[in-house]
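# build me a structure from this.
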Amino acid sequence: MTSRTEDKMAQSVVVSVVELEEGLLTVSNRQSRRRRCISILGRAFARDPSEVSPWPTLIRRALYTLIAIVCLATITSIVFHALLIDLIRRLAPPTLPRTGLDRIVFSWVEPGSTPSWLPNFSRGITPKPIHSHNDYWRPVPLFQALALGVTGIEADCHLVDGELYIGHSNSSLRPTRTLRSLYLDPLLAILQNQNSGESVIPSSDISGVWDDDLSRTMVLMTDLKTEGSSTLKAVQEQLSPFREKGWLTYWNGTGLLLGLVTHVATGNAPFAAVLNSTFSNSTYRDVFFDAPLYALSDRYNTSNSYYASTSLAHLFGDKSKIPHSGLSKSQMIVVKQQIDKAASLGLVSRYWDIPSWPVNRRVAVWKQLEELGIGMLNVDEIEEAARWNWKWCNIHGLQLC
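Residues are numbered from 1 along each chain as shown. I've put the predicted structure just below:
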């Protein structure tokens, strides 16, 4: 047994020595190849005055050029990706707070499918002077705009058999999509919860939609698509719960008192019907006209109007008249005069029909309107307008959003 064990140990020692020698040979071969490569490169770069053939010189120059190109490409790539990461960080939409509004938007399917109010309803959301054009087209009407801090909502109203349906045309009207179901009932529930009186400290103040600015009014603009006077009367009647609570903006005969909801009538709404609406008298009016921004006069003021609006495209003949870089200097002068005129009358200026394509033109016009002091920015792309830092969308001619 002992001799067998010794034989096995001797064999294992021999194997180990062989493996060690093979490993040393492998390392030696690698080092030898490395030295040869370095020697070849050294000879290629070495300058020998006795050389007659031009090829070594050409090879050296080609290698120098290749190394320089690789180095520059590496540096350029690093700088480019660093700038790209920084721009993405700057342009990325900010993370919205997880609010009750967020949860409603996420789970909404159709009118009445979710509660209209949840705790922490609008905490951390900053209200913005943005008007949601044709809001009913959005995946989640009303709530999507409120979650972005949009303070103006537009709803097209059709009076059919005593009911107010919401839609752009007759073919788009559906039984479940009414002024009450999409807007008035949810708004009423929101304001009732915001003013539930459950605070430890009693207060006579009323609270609006946004927790960060409880006194901020929300504009509800009804675009009347059917006969003006009768449709306006129906809208006014459905607003009665808000009127009874004292939540509507109204004119008291001497001044404008802002409420939680400001009702503006446009479309087929006659100015005379606004002046003599069912719920108006010499000391009270809670519906306001959308005055013509292009033809303002002292006739339109805070006693009867709130918005002053016009089509930006029609103002200059056509959308094609607006350059891709934005409004021209002469166009900006016209716009500035109209905005100042509206402000002098106490009205909120608004331009609709802003060119939407190409994107850089739209963003350029947004920036110009803001700089000129627009009262309310009318947009279809509410998420881009409310969340993106669209001042960074075009940097040195590079369109980033």
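
# how about D135: what's its closest non-neighbour residue?
Sequence neighbours aside, I153 is the residue nearest to D135 in space, at 4.9 Å (criterion: CB to CB, 6 or more residues apart in numbering). For every residue, glycine as well, the C-beta is placed using N, CA and C.

# so which strand or helix has the one you found?
Secondary structure assignment for I153, by DSSP states H and E: strand 150-160.

# surely the residue nearest to D135 is in contact with D223?
No - in this structure I153 lies outside contact range of D223 using CB atoms under 8 Å: 10.9 Å.

# which other residues reach stretch 261-279?
Residues from elsewhere that reach stretch 261-279, judged by CB atoms under 8 Å, 6 or more residues apart in numbering: 156-157, 187, 191, 217-229, 231-233, 235-237, 239, 242-243, 247-249, 285-290, 304, 306-307, 309.

# if we can go back for a sec, how much space between the residue nearest to D135 and G246?
Distance of I153 to G246, given as CB to CB, to the nearest Å: 20 Å.

# those two - which one has more neighbours?
Legend: neighbour count by other CB atoms under 10 Å for I153 and G246, higher for I153 (23 against 11).

# distance check, that one against V348.
From I153 to V348 the distance is 14 Å (CB to CB).

# that older thread, which ones among the contacts of stretch 261-279 map onto strands?
Residues of the contacts of stretch 261-279 located in strands (DSSP state E): 156-157, 218-224, 288-290, 306-307, 309.

# what about the helices in this protein?
2-45, 55-91, 100-107, 143-147, 179, 185-194, 228-238, 240-245, 271-275, 312-315, 329-344, 359-372, 382-387 (DSSP state H).

# distance to R123 added to these, as a markdown table?
Formatted as a markdown table, these follow (distance: least, CB to CB, whole Å):
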| stretch | distance to R123 |
| --- | --- |
| helix 2-45 | 65 |
| helix 55-91 | 25 |
| helix 100-107 | 8 |
| helix 143-147 | 12 |
| helix 179 | 28 |
| helix 185-194 | 12 |
| helix 228-238 | 30 |
| helix 240-245 | 23 |
| helix 271-275 | 36 |
| helix 312-315 | 35 |
| helix 329-344 | 32 |
| helix 359-372 | 26 |
| helix 382-387 | 17 |
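
# mean neighbour count and distance to D213 for those helices - can I get that in JSON lines?
Output for the helices of the chain, formatted as JSON lines (neighbours: other CB atoms under 10 Å; distance: least, CB to CB, whole Å):
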{"stretch": "helix 2-45", "mean neighbour count": "10", "distance to D213": "70"}
{"stretch": "helix 55-91", "mean neighbour count": "11", "distance to D213": "26"}
{"stretch": "helix 100-107", "mean neighbour count": "19", "distance to D213": "14"}
{"stretch": "helix 143-147", "mean neighbour count": "24", "distance to D213": "13"}
{"stretch": "helix 179", "mean neighbour count": "24", "distance to D213": "26"}
{"stretch": "helix 185-194", "mean neighbour count": "19", "distance to D213": "12"}
{"stretch": "helix 228-238", "mean neighbour count": "19", "distance to D213": "26"}
{"stretch": "helix 240-245", "mean neighbour count": "15", "distance to D213": "19"}
{"stretch": "helix 271-275", "mean neighbour count": "17", "distance to D213": "28"}
{"stretch": "helix 312-315", "mean neighbour count": "17", "distance to D213": "28"}
{"stretch": "helix 329-344", "mean neighbour count": "15", "distance to D213": "21"}
{"stretch": "helix 359-372", "mean neighbour count": "19", "distance to D213": "19"}
{"stretch": "helix 382-387", "mean neighbour count": "19", "distance to D213": "15"}
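
# now what about stretch 224-237, what contacts it?
Residues outside stretch 224-237 that contact it (CB under 8 Å, 6+ apart) are 156-160, 162, 164, 179, 222, 263, 265-270, 273-274, 277-279, 287.

# also stretch 322-335?
By CB under 8 Å, 6+ apart, the residues outside stretch 322-335 that reach it are 312-313, 315-316, 351, 355, 358, 360-361, 364-365, 367-369, 372.

# what subset of the contacts of stretch 224-237 is buried?
By neighbour count, with 16 or more other CB atoms under 10 Å, the contacts of stretch 224-237 hold 156-159, 164, 179, 222, 263, 265-269, 273-274, 277, 279, 287 as buried.

# pull up the distance across stretch 297-312, start to finish.
19 Å (CA to CA, to the nearest Å).

# so for that stretch, mean pLDDT?
The average of the pLDDT scores along stretch 297-312 is 97.

# quick one: buried residues of that stretch?
For stretch 297-312, the neighbour count (16+ other CB under 10 Å) marks Y300, N301, N304, S305, Y306, Y307, A308, S309, T310, L312 as buried.

# T254 versus L293, what's the distance?
L293 is 26 Å from T254, by CB to CB.

# who has more neighbours, these two?
Between L293 and T254, L293 has the larger neighbour count (other CB under 10 Å), namely 25 against 8.

# surely the more buried one meets Q338?
Yes - at 5.2 Å, L293 counts as touching Q338 under the criterion of CB under 8 Å.

# what's the closest non-adjacent residue to Y284?
Using CB to CB, 6+ apart, the closest residue to Y284 is Y250 (5.8 Å).

# I should have written G112 there, sorry.
Here the nearest residue to G112 in space, its sequence neighbours aside, is S181; by CB to CB, 6+ apart that works out to 6.5 Å.

# tabulate the CA atom coordinates of stretch 165-178 in CSV.
Output in CSV follows, covering the C-alpha atoms of stretch 165-178 (Å, rounded to 0.1, in the frame of the first residue of the first chain):
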residue,chain,number,x,y,z
TYR,A,165,-73.8,67.3,-24.6
ILE,A,166,-70.1,67.9,-25.0
GLY,A,167,-68.4,67.4,-28.4
HIS,A,168,-66.9,69.2,-31.3
SER,A,169,-69.6,68.1,-33.8
ASN,A,170,-73.0,66.4,-33.8
SER,A,171,-71.4,63.1,-34.8
SER,A,172,-69.2,63.0,-31.7
LEU,A,173,-72.0,63.5,-29.1
ARG,A,174,-72.5,60.5,-26.7
PRO,A,175,-75.1,60.0,-24.0
THR,A,176,-72.5,59.7,-21.2
ARG,A,177,-70.6,62.8,-22.2
THR,A,178,-72.5,65.7,-20.9
